[in-house]
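Asker: predicted model, plus sequence, below.
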Amino acid sequence: MIVVPTNPAWHPVFDLAAWACGAAVGYGLYRWRLRAAVEDVAGRTGAGYFVALGVGAAAGAWLAGSLNTLNLSAPTLSHSVAGALAGAIVAVEAYKAVRGIRGSTGGVFVGSLATGVVVGRFGCLMAGLPDFTYGTPTRLPWAVDLGDHVGRHPVQVYESLSVAAFLVLYLAGLAYRAPWALRRGFYVFVAWYGAQRFAWEFLKPYPRLIGPLNLFHILCVGLVVYGCVYFVRDRALWRARLAQERALPVPGPDHVPLRDLP
């Protein structure tokens with residue numbers, strides 16, 4: 001069992017580190033591969049897009065987190081990364097529908113979001129039991145003691161590592177200019193995040209809503225469905241556009257030169 005020196009004060013420290021690292025990665029990707037994508041999003045969306053993004057993320061984070069922790073034996077307000085992601089998606093997609101904006105606009109945030117999760121989850125681990133993100137008891141050799149002398153699944157580390165694996169694949173996709181990374185990276189990230197988070201939720205002592213499923217299980221199913229549906233839809237639109245651009249005009253009767261006129 002690994003003893004973790006926990007302290008709630010670590011959480012804001014890692015939050016700041018997550019923001020800083022996310023911003024640095026985002027800027028690096030902008031200079032490397034995403035300059036055109038950033039300029040396209042900025043030109044099509046307007047300031048209201050970022051207002052919707054911020055309001056949706058904040059509302060989703062506190063709503064989902066608090067709905068979960070208010071059901072605990074010691075009710076408390078809380079916030080959630082999954083809730084922030086879901087709230088931002090709902091608000092932004094509504095804004096895009098009103099403004100008639102089509103196509104993915106979240107790809108420019110993928111690197112920053114993934115980096116933020118990778119770093120920030122260690123803040124949840126170091127904050128200990130008061131953070132309410134700890135795992136269920138286990139006897140595995142890598143179990144962590146968060147101060148109560150009970151070996152627990154380090155679910156925060158599981159999530160950090162799984163998102164780090166996505167980040168590696170995403171960067172490789174950008175390096176090869178793969179369409180899934182350049183055009184639809186956000187949808188892949190959302191589906192990946194939802195799927196891995198769904199798995200780790202079985203290792204958390206959260207209140208169950210439907211059978212063995214808690215609130216975040218249901219939320220993560222929605223994230224996976226959203227990512228997959230919008231990925232397929234965007235790919236179909238992209239292929240149709242390419243087919244239209246590659247189609248060559250067939251000469252008709254009006255193109256036949258006039259010869260041998262009397």
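Answerer: Cool, the structure landed.
Asker: start to end distance for stretch 211-220?
Answerer: 16 Å (Cα to Cα, to the nearest Å).
Asker: name the residues of it that come out as buried.
Answerer: L213, N214, L215, F216, H217, L219, C220 (16 or more other Cβ atoms under 10 Å). Where C-beta positions appear, they are placed from N, C-alpha and C, glycine not excepted.
Asker: again, but for stretch 91-99
Answerer: A91, V92, E93, Y95, K96.
Asker: quick one, phi psi at the last one?
Answerer: In other words, K96. The phi/psi pair for K96 (degrees, to the nearest 10) reads phi -60, psi -40.
Asker: which residue packs closest to it, ignoring adjacent ones?
Answerer: T105 (7.0 Å; Cβ to Cβ, 6 or more residues apart in numbering).
Asker: can you check the first one too?
Answerer: Spatially, and ignoring its direct neighbours in sequence, A91 is nearest to G56 (2.5 Å; Cβ to Cβ, 6+ apart).
Asker: and the fourth one, by the same measure?
Answerer: Distances taken as Cβ to Cβ, 6+ apart place A52 nearest to Y95, at 4.1 Å, with adjacent residues excluded.
Asker: list the contacts for the spatially most central residue of the chain?
Answerer: Computing the C-alpha centroid of the chain and ranking residues by Cα atoms, centre = their mean puts V190 first, at 4.2 Å. Neighbour list for V190: L85, I89, G106, L223, V224, Y226, G227 [criterion: Cβ atoms under 8 Å, 6 or more residues apart in numbering].
Asker: most widely separated two among those?
Answerer: The span of those, defined through Cβ to Cβ, is set by G106 and V224 at 15.5 Å.
Asker: higher neighbour count, those two?
Answerer: G106 (21 against 18; other Cβ atoms under 10 Å).
Asker: I figured A86 was touching A61, is that so?
Answerer: No - using Cβ atoms under 8 Å, A86 is not in contact with A61; the gap is 9.1 Å.
Asker: and the residue nearest to W32 when sequence neighbours are not counted, what pLDDT?
Answerer: With Cβ to Cβ, 6+ apart as the criterion, W32 has its nearest non-adjacent residue at 7.4 Å, and that residue is L174. L174 is assigned 98 on the pLDDT scale.
Asker: so L174 sits against Y30, correct?
Answerer: No - L174 is beyond contact range of Y30, at 11.4 Å (criterion: Cβ under 8 Å).
Asker: re earlier: and A86 and A61? which has more neighbours close in?
Answerer: The neighbour comparison of A86 against A61 (other Cβ under 10 Å) goes to A86, with 25 against 21.
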